[in-house]
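> Okay, sequence plus prediction incoming.
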Amino acid sequence: MGGLLNNPKSVNNQNGAVVILGANGVMGIGAAELFAAGGYRVVMLARDRDKAAQALEEVQALARAEAISENIEIGAYNSDLKRTVEGAAVVFEALAEDLALKRGFFEQVDRYRAPDSIVATVTSGLSIAELARGRSESFRRHFLGIHLFNPPHLIAGTEIVPHADTDPAVIDAVRQMLQKRLGRRLIVAADRPAFAGNRIAFKTLNEIAQLVPQYGVAFLDYLLGPHTGRAMAPLATIDLVGWDVHQAIVENIYEKTQDEAHALFKLPDYIKQGVAQGRMGDKTPARGGFYRRTGKRVEVLDTSGRYYEFVAPKPIQFVERMKGLHRVGRYRESLEVLKTADGSEAELARRIVLGYISYALSRVGEAAASSGDIDTIMSYGFNWAPPGVIVDLLGAADTIELLKRYELKIPPVLETAEGKLYAGSVLDFGRTFVG
């Protein structure tokens, strides 16, 4: 591994080129801005040069600086892939979430890459081992996932996802690149479906989406809004992510995992039908998602497929109390209100929040190495309150009693915890808890 760490094309040397495949996609554009702003020479490759040129303009807009293009070259696959991959320190694949498509490009990369160059995929959940299957030994040793969260220029959370054949020195080199040069807050996640962050977040998001026919969109986003520990209300988050992306992630997890929350990953039929009809959320303004905005008018989806004008839900006393305390940073008191409130609405909110804690911390040892890693990725990847913080504010003993009450799994890490579970500071926590 001496060549990787010491030659002029090392990932930690700004003269080494980073070649981005799929550079005209959302993640390709975000990655190009991230690497170029970090001082790396970047090559953006797309199907044709016009698409790459349009993507470069979007990079300039993200960076708010035309000068960033001084570090960026554009090109097309058919004319420039061989030449640029041969001279790359890192080949960063950001193509569509299609296993066959990615594997086809990796076959070409394997043919042309330098022996010590790193190949990374930005997949949000496909198997890293499966993507590397059939490739050369050198490729497999230098291959791993770098899961950035969208938009990467604003969201620092990142997952490094090695597979069984990834060389530990490659993991260390990538960690240095991401932390020291690019300012990432990262964890090493296991090569499991959706890795750590997405698996935890989309369990909660899909669980709430399953409740829409019973409770309605506006009520659920009001009941489970930022005061329960998220930067955005949950159904508005699915609109931002995109219904098609939500579908791909939860169906992949539902198919390939069998854990205590398996049923909560079953995609609601109305989302499947909506995607088939072209309803994708914010990316399809005319068709909308859970919400549709026309000028100043906001409409809300009825799961029969009709839209109606948004009307704010009737205020609920405990929610309003939580929101008031949350706004001024009195998080412990806000959660105390949640813990003690009466009524069916409070029961529902508690069950969802406790379900998040149970599922997230139960992934320790499976999707991530520690509760600290889980806290890091949920905080810096999703801007959700870290589950360890919520446990500390509720109290570990009370949390366990509440988990028993709702017949939720008690994570082993919670049963064995001594003192505080969350390793960060209260100020660090407050940065993510405030919606």
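Cool, got the structure.
> Strands of this structure, residue ranges please.
17-21, 41-46, 72-76, 88-93, 118-121, 143-148, 157-161, 185-188, 291-294, 297-301, 307-309 (DSSP state E).
> doesn't F290 make contact with G281?
Yes - here G281 reaches F290: they are 7.4 Å apart, a contact under Cβ atoms under 8 Å. Using the backbone N, CA and C atoms, a C-beta is placed for each residue, glycine as well.
> Overlap in contacts, these two.
238-239 (Cβ atoms under 8 Å, 6 or more residues apart in numbering).
> need the contact list for Q277.
If you count contacts by Cβ under 8 Å, 6+ apart, Q277 has them with 287, 305.
> pLDDT wise, what is it at?
Per-residue pLDDT puts Q277 at 94.
> quick check: longest helix of the chain.
The longest helix of the chain (DSSP state H) is helix 344-361.
> Show the contacting residues for D110.
Per Cβ under 8 Å, 6+ apart, neighbours of D110: 135-136, 139.
> same deal with V245?
Shown in contact with V245 (Cβ under 8 Å, 6+ apart): S124.
> Please report the distance of it from A96.
As for V245, its distance to A96 is 11 Å (criterion: Cβ to Cβ, to the nearest Å).
> can you list residues touching both of those two?
In contact with both V245 and A96: no residue, using Cβ under 8 Å, 6+ apart.
> beta partners for the nearest residue to H142 once chain neighbours are set aside?
Of all residues beyond its chain neighbours, the one nearest H142 is I118 (5.1 Å), with distances taken as Cβ to Cβ, 6 or more residues apart in numbering. According to DSSP bridges, the partner residues bridging I118 are V90.
> Go ahead and confirm I118 touches A173.
Yes - judged on Cβ under 8 Å, I118 makes contact with A173 at a distance of 7.2 Å.
> Between these two, which is the more surrounded one?
Neighbour tally, I118 and A173, criterion other Cβ atoms under 10 Å: the higher count belongs to I118, 28 against 22.
> can you pick the most crowded of the contacts of D110?
For these, the largest number of neighbours (other Cβ under 10 Å) sits with F139, at 21 neighbours.
> For E107, see how far away that one is.
The gap separating F139 from E107 is 10 Å, by Cβ to Cβ.
> What count of nearby residues applies to K82?
With other Cβ under 10 Å as criterion, K82 counts 13.
> do the same with I400
17.
> Nearest residue to it in space, please, no chain neighbours.
I400's closest residue in space is I410 (Cβ to Cβ, 6+ apart), at 5.9 Å.
> so how far is L338 from A209?
21 Å.
> just to revisit the earlier point, just the C-alphas of the longest helix of the chain, formatted as PDB.
Provided in PDB are the C-alpha atoms of helix 344-361 (Å, rounded to 0.1, in the frame of the first residue of the first chain):
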ATOM      1  CA  SER A 344     -54.300   8.900  22.200                       C
ATOM      2  CA  GLU A 345     -52.300  11.500  20.300                       C
ATOM      3  CA  ALA A 346     -49.600  11.400  23.000                       C
ATOM      4  CA  GLU A 347     -49.600   7.600  22.900                       C
ATOM      5  CA  LEU A 348     -49.000   7.600  19.200                       C
ATOM      6  CA  ALA A 349     -46.200  10.200  19.300                       C
ATOM      7  CA  ARG A 350     -44.500   8.300  22.200                       C
ATOM      8  CA  ARG A 351     -44.700   5.000  20.300                       C
ATOM      9  CA  ILE A 352     -43.100   6.500  17.200                       C
ATOM     10  CA  VAL A 353     -40.300   8.300  19.100                       C
ATOM     11  CA  LEU A 354     -39.600   5.200  21.300                       C
ATOM     12  CA  GLY A 355     -39.700   3.000  18.100                       C
ATOM     13  CA  TYR A 356     -36.900   5.200  16.700                       C
ATOM     14  CA  ILE A 357     -34.800   4.800  19.800                       C
ATOM     15  CA  SER A 358     -35.400   1.000  19.900                       C
ATOM     16  CA  TYR A 359     -34.600   0.400  16.200                       C
ATOM     17  CA  ALA A 360     -31.700   2.800  16.000                       C
ATOM     18  CA  LEU A 361     -29.800   1.500  19.000                       C
END
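> Other residues contacting it?
With Cβ under 8 Å, 6+ apart as the test, helix 344-361 has contacts from 200, 203-204, 207-208, 211, 215, 223-224, 228-229, 260-261, 264, 316, 318-319, 338-339, 341, 371, 374, 378, 387-388, 390-391, 399, 402-403, 406, 408-411, 413-414.
> ok, now stretch 261-271?
Here stretch 261-271 has contacts from 202-203, 206-207, 209-210, 212-213, 243, 246-247, 250-251, 253-254, 257, 303, 305, 355, 359, using Cβ under 8 Å, 6+ apart.
> Name the residues of it that come out as buried.
261, 264-265, 267-268, 270-271 (16 or more other Cβ atoms under 10 Å).
> Could you count how many residues lie near the residue nearest to V174 when sequence neighbours are not counted?
Computed as Cβ to Cβ, 6+ apart, the closest residue to V174 that is not its neighbour in sequence is I160, at 5.9 Å. If you count neighbours by other Cβ under 10 Å, I160 ends up with 21.
> same question, the one 4 residues further on
By other Cβ under 10 Å, the residues close to A164 number 9.
> and it, how far is that from S127?
From A164 to S127 the distance is 11 Å (Cβ to Cβ).
> distance of the closest residue to L126 other than its chain neighbours from E130?
Nearest non-adjacent residue to L126, counting by Cβ to Cβ, 6+ apart: L99, 5.8 Å away. According to Cβ to Cβ, L99 stands 7 Å off from E130.
> One more: D375?
Going from D375 to E130 by Cβ to Cβ gives 29 Å.
> These two - which one has more neighbours?
The residue with more neighbours, out of D375 and E130, is D375; 29 against 13, by other Cβ under 10 Å.
> give me phi/psi at the closest residue to that one other than its chain neighbours?
With sequence-adjacent residues excluded and distances taken as Cβ to Cβ, 6+ apart, D375 is closest to P386, at 3.4 Å. Main-chain torsions, P386, degrees, to the nearest 10: phi -60, psi 140.
> could you list every residue that touches the residue nearest the centre of the chain?
Using Cα atoms, centre = their mean, the residue of the chain that lies closest to the mean C-alpha position is F149, 4.5 Å off. Counting by Cβ under 8 Å, 6+ apart, F149 touches 155, 157-158, 197, 381-382.
> Likewise for K404?
Applying Cβ under 8 Å, 6+ apart, the residues near K404 are I410.
> now it: how far from E336?
Between K404 and E336 the computed distance is 19 Å (Cβ to Cβ).
> Equivalent analysis for Q210, please.
Q210 is 28 Å from E336, by Cβ to Cβ.
> Show me how this structure divides into domains.
2-188, 197-433 (automatic domain parsing).
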